[in-house]
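Asker: when you get a sec, could you give me coordinates for this:
(one chain, ligands or ions: 1)
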Amino acid sequence: MSATAEVRTPRSEPVIQRGLEVLASTQDAEGSWYGDYGGPQFLIPIYVAGLHVMGRVPEPAQREGLVAYLRRHQNADGGWGLDVESPSQVFTSVLNYVALRLMGVAEDDPRLRRARQWFLPRGGALASGAWGKIILALLGLYEYRGLQPVPPELWLLPESLPVHPSRLWCHCRMVYLPMSWLYGRKARAPESPLLAALRREIFDGDYAQVDWTAARERVSPTDVYTPRTVWLKAANQLMLGYERVAGKQLRERALGFALEQIRAEDEATHYICIGPINKVLNMVVWHFVNPEGPEVRAHLERLPDYFYEAADGIKMNGYNSSELWDTAFAVQAVVATGASEATRPMLAEAARFIEANQVLEDTREPARFYRHPSKGGWPFSTREHGWPISDCTAEGLKACLALEPLGLNRVPEARLQDAVGLILSMQNKDGGWATYELQRGPQLLEVLNPSDVFSTIMVDISYVECTSACVQALAAWRKHTQRPDARVDEAIARGAAFIRKLQREDGSWVGSWGVCFTYGTWFGVKGLLAAGASPEDPALRRATAFLRSHQRSDGSWSEVVDSCRQGRWVEGKDGHAVNTAWALLTLAAAGEQASDSARRGAQWLRGRQQPDGRWPPEPIAGIFNRTCAIHYDAYLRIFPVWALAVCDKR
Ligand code: LAN
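Answerer: Residues are numbered from 1 along each chain as shown. Next up is the predicted model:
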């Protein structure tokens with residue numbers, strides 16, 4: 001161990017102070033931190049396409065902001081990436097091209113010409129990743145018979161089958177649910193001269209001559225992260241065969257079933273929906289069922305929840321917000337700074353938000369709509385969104401317990417107990433925790449992933465992050481109640497064993513929701529420590545050695561999204577404050593806050609702060625499904641302060 005306890009860290013006090021002021025000044029009226037949750041580049045075009053199908057366009061001010069955003073994030077080569085930092089793909093390039101055209105940008109706009117020059121030689125619409133083709137089919141810019149089938153009848157299969165849709169990860173399930181309805185109906189936008197023009201612009205040849213059977217198989221190499229397996233191809237053949245003979249009656253029944261599921265999702269989330277894609281697609285479904293009906297109106301009212309205006313234009317956030325998550329972390333960071341009198345009002349406000357956003361009841365008929373109980377959980381965003389998540393519940397609970405000794409926690413004991421109960425109910429057989437639900441199917445189902453561009457979307461499996469957060473929360477609860485509870489003890493022990501199993505040979509853990517090994521390793525280490533591992537534990541030693549081995553000569557750490565995509569450490573150009581903070585939090589937790597490594601890291605972090613108390617913008621630190629970057633706006637304000645506070649402690 002390289003801890004050199006003699007070296008005193010120069011005080012981070014003034015740096016932390018300025019950081020806290022920034023946090024306080026950016027907290028909003030409800031006590032949360034609300035911000036930019038952009039990054040993915042397939043959300044705006046799905047929204048614009050959805051509106052177009054409904055005969056609508058974004059209102060002028062929004063339209064202008066969206067166009068500015070799309071122009072701003074067009075890559076130099078003319079295309080658009082899966083997210084704002086990634087190389088161009090046909091999927092997002094064609095869709096964003098179409099979106100700009102639907103918002104009134106002219107065909108001969110120089111930027112659009114460049115976009116065509118990028119995607120046409122790569123096959124244009126015919127070579128788009130799967131989801132792009134589905135959206136194009138909805139617009140009538142692609143034929144349904146050129147899609148991999150998404151029959152709604154899958155919902156009518158016996159629930160005991162491992163491939164029943166109810167077993168899919170809820171995000172995947174909720175996106176394919178409206179897709180299956182639209183596919184089953186072959187829903188299509190009314191024909192228009194603009195759509196006819198687009199059919200000429202996004203294909204490299206005559207639309208009438210397209211071989212749709214061949215098109216089904218086609219996808220540009222730029223869009224393939226998860227290659228289509230023989231299993232998927234076989235399943236597609238089977239479904240195509242079915243599609244040819246599909247009876248009208250069964251289809252109607254399946255559509256009715258899907259629609260009921262859609263309604264349940266809409267109502268359970270107050271029409272916010274679990275995410276931006278099913279939000280838009282559910283709305284489009286209702287448009288076909290009942291145009292201008294109450295469901296469409298309710299959906300339109302909740303659309304603004306997803307839009308965010310930033311310096312780069314108007315974007316569609318990847319969720320209705322990340323408020324609960326950020327607020328729970330902010331609380332823990334501020335408490336770590338010592339929670340002076342000056343920060344009490346900020347903490348009190350945050351405590352109010354956390355109290356106001358715990359989910360207090362289960363959804364209606366949870367079994368019928370395949371929902372895990374919700375009562376006692378915390379969501380990622382807001383109570384109205386309503387989908388609790390294992391680790392959001394854990395961080396919410398941890399925040400309450402951190403506020404408790406300060407007299408600021410507002411959540412009554414019984415409700416904390418509900419949170420504990422929910423966490424316990426979500427532990428998987430393997431000892432770990434998945435995101436929203438228990439693991440419902442074999443991980444093997446991933447071989448049927450039809451998305452091309454994403455990985456690990458099929459099954460909600462145990463993750464180190466979720467597992468660690470739940471273990472930490474249960475351990476904090478155990479300490480808080482001081483009551484023996486065998487269920488809690490056992491859950492912690494099984495969780496810790498799972499975390500150990502996930503540790504890699506090199507001592508690290510892969511992060512799935514943050515970039516990447518610095519994030520995963522922070523959770524791995526914190527989880528083991530919470531479960532009672534001693535600092536001398538070889539697993540912890542290996543973890544900190546791993547981190548130290550990746551420290552840069554300037555004291556910082558740096559990782560980019562490619563770390564997640566490639567499953568190996570990929571370094572950025574410069575040091576990153578968020579990665580550095582995660583590494584420092586890990587070293588400090590493992591007892592190495594006085595090490596030379598931690599000292600140099602903290603020094604770099606302090607030097608990196610701007611006079612205004614902020615840390616300068618840096619590459620995106622959030623990720624999902626291994627491939628898509630997503631921006632966590634508050635991380636740069638939370639983690640450096642937290643890390644410096646922790647490293648400052650003797
Ligand atoms: C999120 C956001 C929060 C995130 C954490 C709580 C941080 C994580 O610890 C668990 C996973 C979770 C809940 C998560 C999963 C994937 C989401 C929902 C997102 C990254 C936000 C957007 C993303 C969603 C899948 C985007 C839509 C795209 C699809 C492929 C359906």
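Asker: for the ligand, what is the nearest residue in the stretch 401-550 of the chain?
Answerer: Relative to the ligand, the nearest point of the stretch 401-550 of the chain is Trp513 (3.8 Å; C-beta to the nearest ligand atom). C-beta: built from backbone N, CA, C; applies to glycine.
Asker: I meant the stretch 151-300 of the chain, not that one.
Answerer: For the stretch 151-300 of the chain, C-beta to the nearest ligand atom, closest residue to the ligand: His171, 4.0 Å.
Asker: the residue of the stretch 401-550 of the chain closest to the ligand contacts Ile623, correct?
Answerer: Yes: with contact defined as C-beta atoms under 8 Å, Trp513 reaches Ile623; the gap is 6.4 Å.
Asker: now do the nearest residue to Ser381 once chain neighbours are set aside, the pLDDT please.
Answerer: For Ser381, ignoring the flanking residues on the chain, the nearest one in space by C-beta to C-beta, 6 or more residues apart in numbering is Ser321 at 4.3 Å. Confidence at Ser321, expressed as pLDDT, is 97.
Asker: hang on, Ser321 packs against Arg383?
Answerer: No: if you go by C-beta under 8 Å, Ser321 and Arg383 don't touch, sitting 11.7 Å apart.
Asker: which one's more surrounded, these two?
Answerer: Remark: of Ser321 and Arg383, Ser321 carries more neighbours, 24 against 17, as counted by other C-beta atoms under 10 Å.
Asker: tell me the contacts of that one?
Answerer: Listed by C-beta atoms under 8 Å, 6 or more residues apart in numbering, the contact set of Ser321 reads Ser32, Tyr34, Gly35, Tyr37, Asp305, Ser381, Thr382.
Asker: which of those residues count as buried?
Answerer: With neighbours counted by 16 or more other C-beta atoms under 10 Å, those contain buried members at Ser32, Tyr34, Gly35, Tyr37, Asp305, Ser381, Thr382.
Asker: secondary structure element for the third one?
Answerer: Think Gly35. In this assignment (DSSP states H and E), Gly35 forms part of neither any helix nor any strand.
Asker: same check, this time on the fourth one
Answerer: Using DSSP H and E, Tyr37 is not contained in any helix or strand.
Asker: for Trp231, same thing?
Answerer: Trp231 is part of helix 230-245 when elements are defined by DSSP H and E.
Asker: which residues touch that helix?
Answerer: Gln148, Pro149, Pro151, Glu153, Arg216, Val447, Leu448, Asn449, Pro450.
Asker: sitting in helices, which of the residues you listed do you find?
Answerer: Arg216 (DSSP state H).
Asker: and the contacts of helix 230-245, which of them are buried?
Answerer: Listed as buried from the contacts of helix 230-245 are Gln148, Pro149, Pro151, Glu153, Arg216, Leu448, Asn449, Pro450; burial here means 16+ other C-beta under 10 Å.
Asker: from Phe307, how far out is the closest residue to the fifth one other than its chain neighbours?
Answerer: In space, Arg216 comes closest to Gly146 once its chain neighbours are excluded; the distance is 5.4 Å by C-beta to C-beta, 6+ apart. Separation of Gly146 from Phe307 (C-beta to C-beta, to the nearest Å) stands at 32 Å.
Asker: quickly check: stretch 115-131 near the ligand or not.
Answerer: No: using C-beta under 6 Å from any ligand atom, stretch 115-131 never reaches the ligand; the gap is at least 8.4 Å.
Asker: Val219 should be in a strand, yeah?
Answerer: No: using DSSP: H, G, I helix; E, B strand; the rest coil, the assignment for Val219 is coil, not a strand.
Asker: keeping just the C-alphas, turn the top helix by length along the chain into PDB.
Answerer: Counting residues, the longest helix found in the chain (DSSP H) is helix 248-268. Extracted C-alpha coordinates of helix 248-268, given in PDB (Å, rounded to 0.1, in the frame of the first residue of the first chain):
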ATOM      1  CA  LYS A 248     -57.300 -11.000 -38.500                       C
ATOM      2  CA  GLN A 249     -59.000 -12.000 -35.300                       C
ATOM      3  CA  LEU A 250     -55.900 -13.000 -33.400                       C
ATOM      4  CA  ARG A 251     -54.200  -9.700 -34.600                       C
ATOM      5  CA  GLU A 252     -57.100  -7.700 -33.300                       C
ATOM      6  CA  ARG A 253     -56.900  -9.500 -29.900                       C
ATOM      7  CA  ALA A 254     -53.200  -8.900 -29.800                       C
ATOM      8  CA  LEU A 255     -53.600  -5.200 -30.700                       C
ATOM      9  CA  GLY A 256     -56.200  -4.900 -28.000                       C
ATOM     10  CA  PHE A 257     -53.900  -6.500 -25.500                       C
ATOM     11  CA  ALA A 258     -51.100  -4.200 -26.400                       C
ATOM     12  CA  LEU A 259     -53.300  -1.200 -26.200                       C
ATOM     13  CA  GLU A 260     -54.400  -2.100 -22.700                       C
ATOM     14  CA  GLN A 261     -50.700  -2.400 -21.700                       C
ATOM     15  CA  ILE A 262     -50.000   1.000 -23.300                       C
ATOM     16  CA  ARG A 263     -52.900   2.600 -21.400                       C
ATOM     17  CA  ALA A 264     -51.600   1.200 -18.100                       C
ATOM     18  CA  GLU A 265     -48.200   2.600 -18.700                       C
ATOM     19  CA  ASP A 266     -49.600   6.000 -19.600                       C
ATOM     20  CA  GLU A 267     -51.800   6.100 -16.600                       C
ATOM     21  CA  ALA A 268     -49.100   4.800 -14.200                       C
END
